[in-house]
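> model this:
(chains A, B, C and D)
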Protein chains: 2
Amino acid sequence: MSPDRRAVRRQETKDEIIAAAWDLVRQQGLAGLALRDLAQRVGMKAPSLYSYFASKSDIYDVMFREGYLAFAAEHDDLVVEPDRTGADGATVLRRMAHRFFEFCTSDPARYQLLFQRTIPEFVPSEESYAVALDVYGRLTSQLAALGFDDPQTIDLWTALLTGLTDQQISNDPGGTRWEGLVDRAVDMFIVANAPHLLEATTRGSTP
Amino acid sequence: MSPDRRAVRRQETKDEIIAAAWDLVRQQGLAGLALRDLAQRVGMKAPSLYSYFASKSDIYDVMFREGYLAFAAEHDDLVVEPDRTGADGATVLRRMAHRFFEFCTSDPARYQLLFQRTIPEFVPSEESYAVALDVYGRLTSQLAALGFDDPQTIDLWTALLTGLTDQQISNDPGGTRWEGLVDRAVDMFIVANAPHLLEATTRGSTP
DNA sequence: GTCTATAATCTGATAGAC
DNA sequence: GTCTATCAGATTATAGAC
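Below is the predicted model of the structure:
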């Protein structure tokens, strides 16, 4: 049952190709991914890629899934139960916001692939879409643990965070113009949706 | 000095080409604009387009400028001085938000061209960029008239609005999932940034 | 102004030898 | 598994006849 060395080697090559693909889209833009360039980057000719992936869309699909898994990995250690670590709800919320903002703005091409619909010829496979849904489910669980269980409140939260990241990426790429507003945006969200979170702690204390 | 009939006819043809280009990008996506298809739509062959536009990028540029002019036209009648029309500041702010949301979500391709950087080969000309800056200046003037003169507050406002529109376009195209949150988002913004606007009027009265 | 013809280049994908 | 060779098509853009 365990994968033999041939399967391991094969998987390593696939990983190497995907890593090269990330390099390429970061450099050329998401839509600028060309199989010839990709093959060259791993020391192959273009047709050889088809031994590892069925199509270009299949490559996007693996990147899509990998991107969501990376998102989950970077957000899983977020404290879900405030009392256990001594961090209050407002602090956890600010931490979530900064983590999300950093994840998105640090790799605009990935943000584009995961959260926007800009490559018309790519539709996530059922399997990959399930991963995306699962990640979204974790997000709602974390917010529910903080007392936000209304779907509309969660939609407002995601709109607020994607708005900040989107403006940062589109209008000040590489800068910090909207990054500096993350704390203020979170405070605004708390004041309007859960003012009790602010009363329990000292305002303005951001880790 | 006045344009003769030849110049008028030429401008009409240019307008017709641009209108066809809008149709095409709405249908095929912004990046899917092909000169062959565009020419066919106006009953020409592709090379004939070069009598009217210097390049494909030039066509994008005219669309970019036209899009910002349309934005200005749809937002110019917004009441800048509340007292004159009897509408209070909160009402004007809600109106602005709905107008912006409608403008963006009603034409995602236009939103992509005007507010996102997704066509790497297109860079707005100096003239067109000036139009964009002018429109942004009008927006800040309107907000300043409502008492929002802090640049960071304005950045927060634009982040909030683009976040709502972006989520609507990306995750519920054609639906109303985030549209229904516009009023709530505006209230949140007012509560946190200008609570006095809410005290002066009855909450929840939306035109 | 509009056309035909074509340049020059790119794309994803396949067949078949080795 | 990897290659060469190639298909079949797309793209923007130009030259030059009419």
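> drop to CA atoms for contacts and neighbour counts, all remaining ones
OK.
> what's the neighbour count on A:Ala144?
Each residue near A:Ala144 was counted by other Cα atoms under 10 Å in any protein chain shown, and the total is 15.
> tell me the pLDDT at it?
On pLDDT, A:Ala144 comes in at 95.
> And for A:Ser205?
A:Ser205 carries a pLDDT value of 47.
> again with A:Thr105
The confidence metric pLDDT takes the value 98 at A:Thr105.
> The spatially most central residue of chain A: what's it in contact with?
Nearest to the geometric centre of chain A sits A:Phe71, at 4.1 Å (Cα atoms, centre = their mean). Residues in contact with A:Phe71, defined by Cα atoms under 8 Å, 6 or more residues apart in numbering or on different chains, are A:Phe103, A:Val135.
> wait, doesn't A:Ile119 sit right on A:Ala31?
Yes - with contacts counted by Cα atoms under 8 Å, A:Ile119 reaches A:Ala31, the gap being 6.7 Å.
> rewinding a little: next one: phi and psi at the residue nearest to the centre of chain A?
phi -60, psi -50 (degrees, to the nearest 10).
> ok, so what distance separates it from A:Arg65?
Per Cα to Cα, to the nearest Å, A:Phe71 is found 10 Å from A:Arg65.
> Report how many residues lie close to A:Ile17.
A count of nearby residues for A:Ile17, using other Cα under 10 Å, gives 22.
> Secondary structure element for it, which one?
Element membership of A:Ile17 [criterion: DSSP states H and E] is helix A:5-28.
> Around DNA strand D, which positions in chain A sit nearby?
Within reach of DNA strand D by Cα under 7 Å from any atom of the strand, chain A has these residues: A:Arg6, A:Arg10, A:Gly43, A:Met44, A:Lys45, A:Ala46, A:Pro47, A:Ser48, A:Leu49, A:Ser51, A:Tyr52.
> can you map out the strands along chain A?
Counting by DSSP state E, one finds no strands in chain A.
> Could you report the distance from the residue lying closest to A:Asp61 once chain neighbours are set aside to A:Val62?
Among residues not flanking A:Asp61 along the chain, A:Pro124 sits closest, at 5.7 Å (Cα to Cα, 6 or more residues apart in numbering or on different chains). Using Cα to Cα, one gets 9 Å for the distance from A:Pro124 to A:Val62.
> do the same with A:Gly147
34 Å.
> Same check on A:Gly29?
Distance, A:Gly29 to A:Val62, using Cα to Cα: 17 Å.
> Same check on A:Val8?
Separation of A:Val8 from A:Val62 (Cα to Cα) stands at 17 Å.
> re earlier: quick one: which of the residues of chain A next to DNA strand D has the most company?
Going by other Cα under 10 Å, A:Leu49 tops the residues of chain A next to DNA strand D with 21 neighbours.
> what comes up buried for stretch A:155-174?
With burial defined by 16 or more other Cα atoms under 10 Å in any protein chain shown, the residues of stretch A:155-174 counted as buried are A:155-169.
> Sorry, wrong one. I was asking about stretch A:120-130.
The neighbour-count check on stretch A:120-130 (16+ other Cα under 10 Å) flags A:Pro124, A:Ser128, A:Tyr129 as buried.
> Can I get these in TSV including pLDDT?
Formatted as TSV, these follow (pLDDT from 0 to 100):
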residue	pLDDT
A:Pro124	97
A:Ser128	98
A:Tyr129	98
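> and of those residues, the nearest to DNA strand D?
Taking Cα to the nearest atom of the strand as the measure, DNA strand D lies nearest A:Ser128 of those, at 22.5 Å.
> low pLDDT regions in chain A?
Residues of chain A that meet the criterion pLDDT under 70 lie in A:1-3, A:79-86, A:199-207.
> Just give the number of residues close to A:Gly180.
12.
> From DNA strand C, how far out is it?
38 Å (Cα to the nearest atom of the strand, to the nearest Å).
> list the contacts for the residue of chain A found nearest chain B?
The nearest approach of chain A to chain B comes at A:Gly163, 3.4 Å away (Cα to the nearest Cα). Counting by Cα under 8 Å, 6+ apart, A:Gly163 makes contact with B:Thr158, B:Ala159, B:Leu160, B:Leu161, B:Thr162, B:Gly163, B:Leu164, B:Asp166.
> Could you provide the residues you listed in JSON lines, with additional columns for distance to B:Tyr136?
Converted to JSON lines, the contacts of A:Gly163 look like this (distance: Cα to Cα, whole Å):
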{"residue": "B:Thr158", "distance to B:Tyr136": "10"}
{"residue": "B:Ala159", "distance to B:Tyr136": "14"}
{"residue": "B:Leu160", "distance to B:Tyr136": "16"}
{"residue": "B:Leu161", "distance to B:Tyr136": "14"}
{"residue": "B:Thr162", "distance to B:Tyr136": "14"}
{"residue": "B:Gly163", "distance to B:Tyr136": "17"}
{"residue": "B:Leu164", "distance to B:Tyr136": "19"}
{"residue": "B:Asp166", "distance to B:Tyr136": "19"}
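> Show me which of the residues you listed is closest to DNA strand D.
Closest to DNA strand D, out of all of the contacts of A:Gly163 and judged by Cα to the nearest atom of the strand, is B:Asp166, at 26.4 Å.
> on that earlier part again, between A:Val8 and A:Val62, point out the one with more neighbours.
Each of A:Val8 and A:Val62 has its neighbours counted (other Cα under 10 Å); A:Val62 has more, 17 against 12.
> Stretch A:123-142 close to DNA strand C?
No - Stretch A:123-142 is not in contact with DNA strand C by Cα under 7 Å from any atom of the strand; minimum separation 12.6 Å.
> so how far is that stretch off the chain centroid?
Here stretch A:123-142 is found 11 Å from its chain centre; the criterion is Cα atoms, centre = their mean, to the nearest Å.
> My read is that A:His75 contacts A:Arg99, right?
Yes - the pair A:His75 / A:Arg99 is scored as a contact, 7.3 Å apart, by Cα under 8 Å.
> Counting neighbours, go ahead and name the busier of those two.
The neighbour comparison of A:His75 against A:Arg99 (other Cα under 10 Å) goes to A:His75, with 19 against 15.
> Can you report phi and psi for A:Pro173?
phi -60, psi 130.
> Then A:Thr176?
For A:Thr176, the backbone dihedrals are phi -130, psi 20 (criterion: degrees, to the nearest 10).
> number of nearby residues for it?
Neighbours of A:Thr176 using other Cα under 10 Å come to 12.
> Contacts only, for the closest residue to it other than its chain neighbours.
Sequence neighbours aside, A:Gln168 is the residue nearest to A:Thr176 in space, at 7.3 Å (criterion: Cα to Cα, 6+ apart). Contact analysis of A:Gln168 by Cα under 8 Å, 6+ apart lists A:Thr105, A:Gly174, A:Gly175, A:Thr176, A:Arg177, A:Trp178, A:Glu179.
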